[in-house]
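**Q** Got a predicted structure plus its sequence, pasted below:
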Amino acid sequence: MYGRDPWGGPLEINAADSATDDDRSRNLQDFDRAALSSRPLDETQQSWLLGPTGEQKKKKYVDLGCIIVSRKIFVWTVGTLLVSAVLAGLITLIVKTVPRHKHAHAPPDNYTLALHKALMFFNAQRSGKLPKHNNVSWRGNSCTHDGKEGDSIMKDLSGGYYDAGDAIKFNFPMAFSMTMLSWSVIEYSGKYEAAGELNHVKDVIKWGTDYFLKTFNHTADQIDRLAAQVGSGDTSGGSTTPNDHYCWTRPEDIDYDRPVVDCSSCSDLAAEMAAALASASIVFKDNKAYSQKLVHGAKTLFRFSREQRGRYSAGSAEAATFYNSTGYWDEFLWGGAWLYYATGNNSYLQLATAPGLAKHAGAFWGGPDYGVLSWENKLTGAQVLLSRLRLFLSPGYPYEEILRTFHNQTSIIMCSYLPIFNSFNRTRGGLIQLNHGRPQPLQYVVNAAFLATLFSDYLDAADTPGWYCGPNFYSTDVLRDFAKTQIDYVLGKNPRKMSYVVGFGNHFPKRVHHRGASIPKNKVKYNCKGGWKWRDSKKANPNVINGAMVAGPDKHDGFRDVRSNYNYTEPTLAGNAGLVAALVALSGEKGGGIDKNTIFSAIPPMFPTPPPPPAPWKP
């Protein structure tokens, strides 16, 4: 019986053995040898299995325990490994001993080099007993008795910073300067670290915040006054009373009275100081005790600013002359935003996003100075700061509407910086005239350069390639290019080929309007009028005040390097703070970017964690 072979041939399924004896004889070689071993084999069968009967040389083996290998193979393997090891060692020895050409690191860019200089200016402005590492050879301890004379409630007001080329301590611009420096550290701590300046800038900030804590009762929850100013500069009516403007004296040699101005109704000043302490608390968040001290002081100051309303300069003729404040609503917005970031308390966010507050601060009506960040007007800075919240956390209702407005306003301000829109005039050399041709333009320019770079980094970090100006879309690179052209102008790329940062480049101002830099440290104490000869001298300053950014050129790119004209040659704390912020933002490679998360470290999750799923149902 046959079946069908699946491969196409007949398949025999008969069980009968059809093989012949001859077939079996021919196929014995195919037998299973193991099967044959079960019975004794005769010599013929053994010969079939063992092959030729001649003597053969036995192979030698090595027993390695788990395996048995041929001795020849074992020797070859071990020998190959030993030769390979010797060759590898020789190659390594040759590579390490042969001299190589080292690839030098790329030299620091101009922004990083200028950053090192710009921070040194703050060391030259320090008041009080100086630390040993201050590194300004011509400076020494000065005005260590501030506050001990007069009627001020605060008796120890040593420390802090002199405002400019004089020895007055104006808390209003000083607080703005510390806030700007803290903001730059929070955003660009990685770049500061790469430049080797992180510890330095934090030391600069702490010198300022330590002083602010002395100007009011920082341990109290509620205060009714604070110190606003130390020193005097009033020379109106031909006054000859020795003070910080009439006299031309090194701070170390001051022997005249330094009055302290207190204020009990100074919302703008108190809110700005609150912003300084709140922002610094984020910088020092790793120092928990100090950070909490700063937060408590910021809360106390902000409460004082809200409860006892008034402009600080309204009660001070000197403040009105030198640093007049036109309102306090922008400081409420600015201080509220910083306190929210420092504490995570929603009450501060509710205040900073209140439409009425924004309206009073001028967020909706524009004006000639709209979009210009300065020691006097923080609206633009607050709008950028709150746009950050929308870009990265998007808190939604009830904040979304006003945050979207701030974001849109920020976009409009960024558009106004671009040459195509003619919102601001420019000099022939390309310097934007944010103060409309008035003197001392550079302090406003560097603030704008910082904001433009920062906003472009915000957009990049949010994976947004640009922003709209009307129907036109602009890349974030356009903002960065604007910032670079302005800072490059400051650093020497201008019609006069002059760097306006002292000590940077080969051509910079030599007759800076600065008392300490213009009087030699020669162990001679010059009295009030005795220093006038140095003020009026046409010679270069004997001391180089490295990093000082002078007031800047006029609207025709003109500049006079004369000590007596402060509109050209006087540096200020606020100006240098903006310069440092802009330089660190532009330094290094663009990919460095911002620190997205540190500023939000105190803010709890925007949305509550969803509850766990219910337990499985059981019948």
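**A** Yes, it's here.
**Q** What segments of the stretch 251-400 of the chain are strands?
**A** For the stretch 251-400 of the chain, strands defined by DSSP state E, counting those that start in this stretch occupy the ranges 260-263.
**Q** what about stretch 132-142, how long is it end to end?
**A** 14 Å (C-alpha to C-alpha, to the nearest Å).
**Q** I'd like the average pLDDT over it.
**A** Summarised as a single mean, pLDDT over stretch 132-142 is 96.
**Q** One more: stretch 377-384?
**A** For stretch 377-384, mean pLDDT is 97.
**Q** what about the strands in the chain?
**A** For the chain, the strands defined by DSSP state E occupy 2-4, 10-12, 61-63, 68-70, 169-170, 226-230, 260-263, 466-469, 472-475.
**Q** and the residue nearest to residue 485 when sequence neighbours are not counted, what pLDDT?
**A** Counting by C-beta to C-beta, 6 or more residues apart in numbering, residue 430 is the residue found nearest to residue 485 once chain neighbours are left out, at 5.8 Å. Heads up, the C-betas are built off the backbone N, CA and C, glycines and all. pLDDT recorded at residue 430 is 97.
**Q** swap in residue 605?
**A** Per-residue confidence at residue 605 stands at 87 (pLDDT).
**Q** How many neighbouring residues does it have?
**A** Residues contacting residue 605 under the criterion other C-beta atoms under 10 Å number 8.
**Q** So it versus residue 397, what's the distance?
**A** Counting by C-beta to C-beta, to the nearest Å, the gap from residue 605 to residue 397 is 16 Å.
**Q** Repeat that for residue 540.
**A** In terms of C-beta to C-beta, residue 540 sits 62 Å off from residue 397.
**Q** Also residue 247?
**A** Between residue 247 and residue 397 the distance is 59 Å, computed by C-beta to C-beta.
**Q** Settle it for me: which of these two has more neighbours?
**A** Ranked by neighbour count (other C-beta under 10 Å), residue 247 and residue 397 place residue 247 first, with 23 against 6.
**Q** how about the nearest residue to the more buried one, chain neighbours excluded?
**A** residue 528 (3.7 Å).
**Q** Could you list which residues are in contact with that neighbour?
**A** Applying C-beta atoms under 8 Å, 6 or more residues apart in numbering to residue 528 gives the contacts 242, 246, 247, 248, 249, 256.
**Q** show me the contacts for the fifth one.
**A** Spelled out, that is residue 249. 167, 515, 519, 526, 527, 528, 530, 531.
**Q** what's the distance between it and residue 524?
**A** From residue 249 over to residue 524 the distance is 12 Å, taken as C-beta to C-beta.
**Q** before we move on, what about the second one?
**A** To residue 524, residue 246 is 20 Å away according to C-beta to C-beta.
**Q** who has more neighbours, those two?
**A** Between residue 246 and residue 524, residue 246 has the larger neighbour count (other C-beta under 10 Å), namely 18 against 10.
**Q** Check whether the residue nearest to residue 485 really touches residue 484, as I assumed.
**A** No - applying C-beta atoms under 8 Å as the test, residue 430 and residue 484 come out as separate, 11.1 Å apart.
**Q** Who has more neighbours out of the two?
**A** Using other C-beta under 10 Å as the criterion, residue 430 and residue 484 rank with residue 484 on top: 18 against 15.
**Q** So what touches stretch 213-224?
**A** The contact list for stretch 213-224, computed with C-beta under 8 Å, 6+ apart, reads 147, 154, 156-159, 171, 225-228, 264, 273, 277, 293-294, 296-297, 299-301, 303-304, 308.
**Q** Kindly supply the PyMOL command isolating those of the residues you listed that are buried.
**A** Selection of buried members from the contacts of stretch 213-224 for PyMOL, criterion 16 or more other C-beta atoms under 10 Å:
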select buried, resi 147+154+157+158+159+171+225+226+227+228+273+277+293+294+296+297+299+300+301+304+308
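**Q** Show only the entries of the contacts of stretch 213-224 found in helices.
**A** Counted as lying in helices by DSSP state H, out of these, are 171, 273, 277, 293, 294, 296, 297, 299, 300, 301, 303, 304.
**Q** could these go into TSV alongside pLDDT and distance to residue 480?
**A** As requested, the ones in helices among the contacts of stretch 213-224 are arranged in TSV below (pLDDT from 0 to 100; distance: C-beta to C-beta, whole Å):
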residue	pLDDT	distance to residue 480
171	98	34
273	98	32
277	98	31
293	98	37
294	98	32
296	98	38
297	98	36
299	98	37
300	98	39
301	98	35
303	98	40
304	98	40
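**Q** wait, what's in contact with the residue most central in space within the chain?
**A** The residue lying closest to the centre of the chain (C-alpha atoms, centre = their mean) is residue 188, at 1.4 Å. Neighbouring residues of residue 188 by C-beta under 8 Å, 6+ apart: 584, 585, 592, 594, 595.
**Q** Okay, the second one and residue 192: tell me how far apart.
**A** Read it as residue 585. 11 Å.
**Q** Residue 351 too?
**A** According to C-beta to C-beta, residue 351 stands 31 Å off from residue 192.
**Q** who's more crowded, these two?
**A** residue 192 (22 against 18).
**Q** so that one sits right up against residue 204, yeah?
**A** No - using C-beta under 8 Å, residue 192 makes no contact with residue 204, being 11.0 Å away.
**Q** show me the contacts for residue 513.
**A** By C-beta under 8 Å, 6+ apart, the contact set of residue 513 is 164, 165, 550, 563, 564, 565, 566, 568, 569, 570, 571.
**Q** try it again with 6 Å
**A** Residues near residue 513 by C-beta atoms under 6 Å, 6 or more residues apart in numbering: 165, 563, 566, 569, 570.
**Q** Ignoring the adjacent residues along the chain, who's closest to the third one?
**A** The shortest distance from residue 566 to any non-neighbouring residue, by C-beta to C-beta, 6+ apart, is to residue 513 (4.5 Å).
**Q** tell me the pLDDT at that neighbour?
**A** On the pLDDT scale, residue 513 gets 98.
**Q** do you know how far it is from residue 168?
**A** Separation of residue 513 from residue 168 (C-beta to C-beta): 14 Å.
**Q** same question, residue 450
**A** Separation of residue 450 from residue 168 (C-beta to C-beta) stands at 26 Å.
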